[in-house]
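# just to be clear, the model below is a prediction. Sequence and coordinates:
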Amino acid sequence: MGTTKKITVPQLLSRKHKGRKIVMVTAYDATFARLVDQGGADMVLVGDSLGMVVQGHDNTLPVTLDDIVYHCRAVSRGLARAHLCADMPFMSYKISAEQALASAARVVQDGRAESVKLEGGVEIAETVSRLVRAGIPVVGHVGLTPQSVHALGGFRMQGRTGFDRERLIEDARAVADAGAFCLVLESMPLELAQAITDEVSVPTIGIGAGPHCDGQVLVIYDLLGLDESFSPRFLKRYAHLGASVREAVASYADEVRRSAFPGPEHSTSVADGEPGDGGLYGGANKDVSH
Ligand code: KIV
């Protein structure tokens, strides 16, 4: 994809000391990957949130390794600059370090991910260390860990009590010490996220964790306002595409029903002859179908 240079793991790590915030966003297909790359995202996450926003499940648990690999390959084709990180899905890395190595190898080799993200703290530190020693960059994820939704009793903010707060600081420290090159901090009080950010030497990337993290991440469908019914306090919508999509489809439906589309400008007559060299899509692809 041209000569644009990819953002590297050492460059992301150095952002903490330079005080330059990291911008992370999710993507699940090549079209959105291209758009968020062009929009200036530093890291693109193929999140297991795809189980909810793409597949329509209530949580992320049904997502499989095959799903992640499939979406990751698609996203990789759309990226020129941003670093590509992929979620390790539920139970693809917690059975043993060997299982984690085999799962991560698939995500990197077949999915073309440049790093993998694992949810958990002290209990996965040894696994993180094994992956890092095998040359696979790891992103940690502490706080609200959606793969533990049943154990946590729902998608709840974490770290509100003194005990929880200490546990989360210990988790973050363990994963960072094991070699993770950055940490996602999800749904915790901003004071706790600040304490973790001050404590660890690697960048923190927050979602629902306040402004003191070294970067921020949002799910692209949320950022674009595709689902108006999802409005947690932490979310800022930068567009209202849900309404735009409905309006566009309603206009299309109306024009089709009134036979107003396609008009002459969208139709080809035998008298028009062959399209130019660029073909119907202005490129090498002369096929008329998607
Ligand atoms: O799955 C996901 O999209 C995530 C982000 C919200 C951090 O884990």
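Structure's in. What do you need?
# tell me how many other residues surround the spatially closest residue to residue 30 that is not a sequence neighbour.
Of all residues beyond its chain neighbours, the one nearest residue 30 is residue 78 (3.9 Å), with distances taken as CB to CB, 6 or more residues apart in numbering. For every residue, glycine as well, the C-beta is placed using N, CA and C. By the other CB atoms under 10 Å criterion, the neighbourhood of residue 78 contains 21 residues.
# before we move on, what about residue 267?
As a burial measure, residue 267 scores 9 neighbours (other CB under 10 Å).
# over to residue 62?
Using other CB under 10 Å as the criterion, residue 62 is surrounded by 15 other residues.
# which residues does the closest residue to it other than its chain neighbours contact?
What sits nearest to residue 62 in space, not counting adjacent residues and going by CB to CB, 6+ apart, is residue 51, at 5.5 Å. Residues counted as contacts of residue 51 (CB atoms under 8 Å, 6 or more residues apart in numbering) are 57, 59, 60, 61, 62, 63, 67.
# against the ligand, how distant is the fourth one?
Spelled out, that is residue 61. Residue 61 sits at a distance of 12 Å from the ligand (criterion: CB to the nearest ligand atom, to the nearest Å).
# what bridges to the closest residue to residue 145 other than its chain neighbours?
Taking CB to CB, 6+ apart, and ignoring the residues beside it in sequence, residue 145 has residue 119 as its nearest neighbour in space, at 4.0 Å. Legend: beta-bridge partners of residue 119 under DSSP bridges are residue 141.
# run a quick neighbour tally on residue 119.
As a burial measure, the neighbour count of residue 119 was computed by other CB under 10 Å and equals 25.
# and residue 216, which of the three is it?
Using DSSP: H, G, I helix; E, B strand; the rest coil as the criterion, the local structure at residue 216 reads strand.
# my guess is it contacts residue 203, does it?
No - at 11.0 Å, residue 216 and residue 203 do not qualify as touching, with contact defined as CB atoms under 8 Å.
# more crowded one of those two?
Under the neighbour definition other CB under 10 Å, residue 216 and residue 203 were set side by side, and residue 203 has more, 23 against 20.
# pLDDT score assigned to that one?
At residue 203, the pLDDT value in this model is 98.
# distance of it from residue 212?
12 Å (CB to CB, to the nearest Å).
# can you name the residues of the stretch 151-290 of the chain sitting close to the ligand?
184, 186, 207, 217, 219 (CB under 6 Å from any ligand atom).
# do that again at 8 Å, thanks
Among all residues of the stretch 151-290 of the chain, those adjacent to the ligand (criterion: CB under 8 Å from any ligand atom) are 184, 186, 205, 207, 217, 218, 219.
# give me the three-state assignment for the closest residue to residue 93 other than its chain neighbours.
For residue 93, the nearest residue in space outside its immediate sequence neighbours is residue 100; the separation is 3.7 Å by CB to CB, 6+ apart. Classification of residue 100 using three-state DSSP returns helix.
# what's the answer for residue 151, then?
Secondary structure of residue 151, reduced to three states by three-state DSSP: helix.
# that one: neighbouring residues, count only.
The burial count assigned to residue 151 is 7, neighbours taken as other CB under 10 Å.
# over to residue 122?
Other residues near residue 122 number 15, with proximity taken as other CB under 10 Å.
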